[in-house]
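In: Predicted structure and sequence below. I'll ask about it afterward.
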Amino acid sequence: MEQAEPAEEVPTARNRKVVLREYITRAPREDDMLLVDGGAVPLRVPEGAAGPAVLLKNLYLSCDPYMRGRMRDNHNSYIPPFKPGSVIQGLGVGRVVDSTHPGFSAGDIVSGMTGWEEYSLIEKPEQLNKIQQSDIPLSYHLGLLGMPGFTAYAGFYELCSPKKGEFVFVSAASGAVGQIVGQLAKLHGCYVVGSAGTNQKVELLKDKFGFDAAFNYKEEPDLTAALKRYFPEGIDIYFENVGGSMLDAVLVNMRMHGRIAVCGMVSQHGMTDPVGIHNLFCLVPKRIKMQGFIQSDFLNLFPQFLDDVAKHYRDGKIVYVEDMSVGLENAPSAFVGLFSGKNVGKQVVCVSQE
C-alpha cells in the first residue's frame, strides 16, 4: 500500500501591521495608530478564499491627506471610514508573493489599495495595476505616476482649462500634488506662483520646480495684500489645496471668468468646527467657476497621463521630490507630519526593498 506524500510545507512570515485605535474628531496624532504583531502568515493565498486573490509583500506605502477623513466616524463620504482595531488602508506598491488570479503571477510588481502591514491579502485584485519596471523608481508610482500626479494632471487640464499666458496660483505647492501642478502650468506657458509653509520649501519651488515666484504664507500677515503683490493683474487659475483664509484671500484676487479647482483643504482637516468663507460672493460678479473633484472621476485619462508625465520626466521637463521614511514602524509619524507641513515633497514609507 502506497503511502500518501506529505503535504508541502507552506512557508510563513511574521506580519506587523498598523491599526487605528479609535475614531478621532481632531488632527491625527501618532498614538491614534498602533503597531501590532499580526502573527505568522502563510505565504500562500488561503484555499478558502472567496474568489481569485493575490498575496502581496508591501514595498512602499503612500501617506495622503484624504486618509485623515477615513479616521472619522463618517459614512457619508466618497470612501468609507477605517474600522477601529483594523489595519489602516492606503495606496501602496507591492510584490506578488502568490496569486490565484490569472492576471497576476508571483514576482509581479503592482500598485493599488493595500494595508499598512508587511503582507496583504488582496481579495479584489482586479483593482491592482501592474507596474512595468523601468528607469523610474517604484515609489514614484505612488506620487508622480500615481494618485497625486494624476490628481494634478486631471484637475489642471480638465477643470482649469488653462490657456498660455494665464496667471496660476497653487497653494501647498511643494506637496505631492502642488509640485506637479506648478510644473504642468509652466510647461503650458503660464505664469506660476506657489505658497508653502517654510523658506526651504519656497526656495525649492523656485529653484527646483521652476515656479516664477513663491512665498511663505506664515510670513505674510495679510494674505490678500500678498496675492495682490504677486498678481497685480489678478489670478486666472487657483489650484486649491488648503482652504480657510487662503481661499478667502484668493477670491478677492481672482480675475473675470477665473477657475478654481478644489482638490483639498488641508487647513480644515483637524477642525471639528471648520472656518467659514467670507468672500464667496466674488463668484458672482467675476463669473468664477469653482469646482471640487476626485481623480477617479477621470480614470479614462489615466493611460494618457502615464504616457505624458513619464515622457516629461524622462525628458527632464518635470522633476520630482519625495520624502521617504524607512520602516513600517515610522508610518504613523510620517502620516501625522503631513498636517504640520513636516514633509518636503511626497510622503512615502518604505516597508521593504526586497
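Out: Cool, got the structure.
In: use CA for all of it now, contacts and neighbours both
Out: OK.
In: what's the helix or strand encompassing A154 packed up against?
Out: For A154, the host element (DSSP states H and E) is helix 147-154. Applying 3 or more Cα pairs under 8 Å, 6 or more residues apart in numbering; DSSP states H and E, one finds that helix 147-154 contacts helix 178-187, helix 302-314.
In: In TSV: those helices, plus mean neighbour count and distance to T100.
Out: Converted to TSV, those look like this (neighbours: other Cα atoms under 10 Å; distance: least, Cα to Cα, whole Å):
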stretch	mean neighbour count	distance to T100
helix 178-187	25	37
helix 302-314	15	26
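In: closest to P65 out of those helices?
Out: helix 178-187 (13.0 Å; Cα to Cα).
In: Out of the helices and strands packed on helix 147-154, which is closest to L55?
Out: It's helix 302-314; of the helices and strands packed on helix 147-154, that one is closest to L55 (Cα to Cα) at 25.2 Å.
In: How far off centre is the helix holding A154?
Out: Distance, stretch centre to chain centre, for helix 147-154: 9 Å (Cα atoms, centre = their mean, to the nearest Å).
In: And the pLDDT at the residue nearest to L91 when sequence neighbours are not counted?
Out: Leaving aside its sequence neighbours, L91 sits nearest to M113 (Cα to Cα, 6 or more residues apart in numbering; 4.4 Å). pLDDT for M113: 95.
In: Could you spell out the sheet neighbours of the helix or strand harbouring M113, each with its direction?
Out: If you go by DSSP H and E, M113 is part of strand 109-115. Its sheet considered, strand 109-115 pairs with strand 89-99 (antiparallel), strand 129-130 (antiparallel) by DSSP bridges.
In: about what we covered before: please name every helix or strand in contact with the helix or strand that the helix holding A154 is followed by.
Out: Tracing the chain past helix 147-154, the next element assigned as helix or strand by DSSP H and E is strand 167-170. Secondary-structure packing of strand 167-170 (3+ Cα pairs under 8 Å, 6+ apart): helix 178-187, strand 191-196, strand 235-240.
In: So what touches the first one?
Out: Outside of helix 178-187, the residues that reach it under the criterion Cα atoms under 8 Å, 6 or more residues apart in numbering are 144, 149, 152-153, 156, 162, 168, 170-173, 191-194, 205, 209-211, 239, 241, 317-318, 320, 345.
In: With just CA atoms, put that helix into PDB.
Out: Output of helix 178-187 as PDB, limited to C-alpha atoms (Å, rounded to 0.1, in the frame of the first residue of the first chain):
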ATOM      1  CA  GLY A 178       1.100  71.000  -5.900                       C
ATOM      2  CA  GLN A 179       4.700  70.500  -7.200                       C
ATOM      3  CA  ILE A 180       3.300  68.700 -10.300                       C
ATOM      4  CA  VAL A 181       0.500  71.300 -11.000                       C
ATOM      5  CA  GLY A 182       3.000  74.100 -11.000                       C
ATOM      6  CA  GLN A 183       5.300  72.300 -13.400                       C
ATOM      7  CA  LEU A 184       2.500  71.400 -15.800                       C
ATOM      8  CA  ALA A 185       1.400  75.000 -15.700                       C
ATOM      9  CA  LYS A 186       4.900  76.200 -16.600                       C
ATOM     10  CA  LEU A 187       5.000  73.700 -19.500                       C
END
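In: What angle do strand 235-240 and it make with each other?
Out: For helix 178-187 against strand 235-240, the angle by axes from the mean of the first three to the mean of the last three Cα atoms, to 10 degrees is 160 degrees.
In: now helix 178-187 against strand 191-196, angle please.
Out: 170 degrees.
In: related to what we said a few turns ago, could you report the neighbour count for the residue nearest to L91?
Out: Using other Cα atoms under 10 Å, M113 has 20 other residues around it.
In: quick one, what contacts it?
Out: Counted by Cα under 8 Å, 6+ apart, M113 has contacts Q89, G90, L91, G92, Q127, L128.
In: Which among those count as buried?
Out: Q89, G90, L91, G92, L128 (16 or more other Cα atoms under 10 Å).
In: What is the nearest of these to P137?
Out: Nearest member of the buried ones among the contacts of M113 to P137, counting by Cα to Cα, is G92, at 13.5 Å.
In: Pipe the helices and strands packed on helix 147-154 into a markdown table and attach distance to P84 per row.
Out: Formatted as a markdown table, these follow (distance: least, Cα to Cα, whole Å):
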| stretch | distance to P84 |
| --- | --- |
| helix 178-187 | 31 |
| helix 302-314 | 33 |
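In: For I235, find the nearest of those helices.
Out: helix 178-187 (13.3 Å).
In: Give me the below-cutoff pLDDT ranges for this structure.
Out: Along the chain, segments meeting pLDDT under 70 span 1-7, 267-273.
In: Relative to the whole chain's centre, how far out is the strand holding M113?
Out: For strand 109-115, the distance to the chain centre is 14 Å (Cα atoms, centre = their mean).
In: show me where the chain has helices.
Out: 147-154, 178-187, 199-207, 223-230, 244-253, 302-314, 331-337 (DSSP state H).
In: Just want the angle from the third one to helix 178-187.
Out: When you say that, I think you mean helix 199-207. Computed by the same axes, to 10 degrees, the angle between helix 199-207 and helix 178-187 is 20 degrees.
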